[in-house]
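Asker: Next come a sequence and a model predicted from it.
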Amino acid sequence: MFKEIVATSNVFIIQRRFYHLYQRLDNQLYFSSSKLAQRFSVVNRNNSCIQIRYFSFSWMENLAVTQSKYFQALSSSDIVLKTMDTLQYVHDTTHLPWWLSIVITTAFLRTAITLPLAAFQNYIIAKIENLRPEMDELIKVLKKETAFAIKKFQWDEKYARIMYNRSARKLWKDLIVKENCHPFKTTILLFVQLPMWIILSAAFRNMATMMPHFDTKAWGT
């Protein structure tokens, strides 16, 4: 019932969660339950309350309700329902156990979707790495041109550094456009695999708990 009780010379500090403190005339204490409330009470030996502070946990209730709505919307979405139908079709067609049907479906999705995207990701990474030697040669030329511009146009160090960085970024951007290997393309696997994992997890959860419609018809599947 109590989370922490600390006793001093003439003061008791009582900390508890989800309860309200009441005092009786015979100097005894009893409690009644309360939803999501935390109270710190300081009571002396004369049974008079010195300080009482309340901490509201209503934000936790609101957060739980919001998360529940999101999960419900996800479990009832069309793509999750179609995924459930696909899993059911594989199970009914192959007549395999559910665990083996899930393994086969997952392996097929990884082979048909994840594997090509992983190969494309490695292809882009390789093209970017192949640009490094060419970029190093361009940087050497750029350093010479910057040193020449400092002497000819009397650039100070700060302005020369700004122009050097700007030119280096432009050279790298031109190489990326020329080879069509923008680094952002390496993230396509993440943006496909993560939603696929969430959808499959929601479909498995629905089928295991007979969601989104928990009724007698679900027992027949």
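Answerer: Cool, the structure landed. Residues are numbered from 1 along each chain as shown.
Asker: make it CA atoms for all contacts and neighbour counts henceforth
Answerer: Will do.
Asker: how does this structure divide into domains?
Answerer: What the record gives for the chain is the domain set 2-56, 68-220, from automatic domain parsing.
Asker: With respect to those domains, which exhibits the lowest mean confidence?
Answerer: When the domains of the chain are ranked by mean pLDDT, domain 2-56 comes last with a mean of 43.
Asker: could you dump the helix or strand containing Pro195 to CSV, C-alpha only?
Answerer: Using DSSP states H and E, Pro195 sits within helix 188-209. Output in CSV follows, covering the C-alpha atoms of helix 188-209 (Å, rounded to 0.1, in the frame of the first residue of the first chain):
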residue,chain,number,x,y,z
ILE,A,188,14.8,3.1,-49.4
LEU,A,189,15.2,-0.3,-47.7
LEU,A,190,14.4,1.2,-44.3
PHE,A,191,11.3,3.0,-45.5
VAL,A,192,10.0,-0.2,-47.1
GLN,A,193,11.0,-2.7,-44.5
LEU,A,194,9.8,-0.8,-41.4
PRO,A,195,6.2,-0.4,-42.6
MET,A,196,6.1,-4.0,-43.9
TRP,A,197,7.2,-5.2,-40.4
ILE,A,198,4.6,-3.0,-38.7
ILE,A,199,1.8,-4.3,-41.0
LEU,A,200,2.8,-7.9,-40.6
SER,A,201,3.0,-7.5,-36.8
ALA,A,202,-0.5,-5.9,-36.7
ALA,A,203,-1.9,-8.7,-38.9
PHE,A,204,-0.4,-11.4,-36.7
ARG,A,205,-1.7,-9.7,-33.6
ASN,A,206,-5.2,-9.4,-35.1
MET,A,207,-5.3,-13.1,-36.1
ALA,A,208,-4.0,-14.2,-32.7
THR,A,209,-6.5,-12.1,-30.7
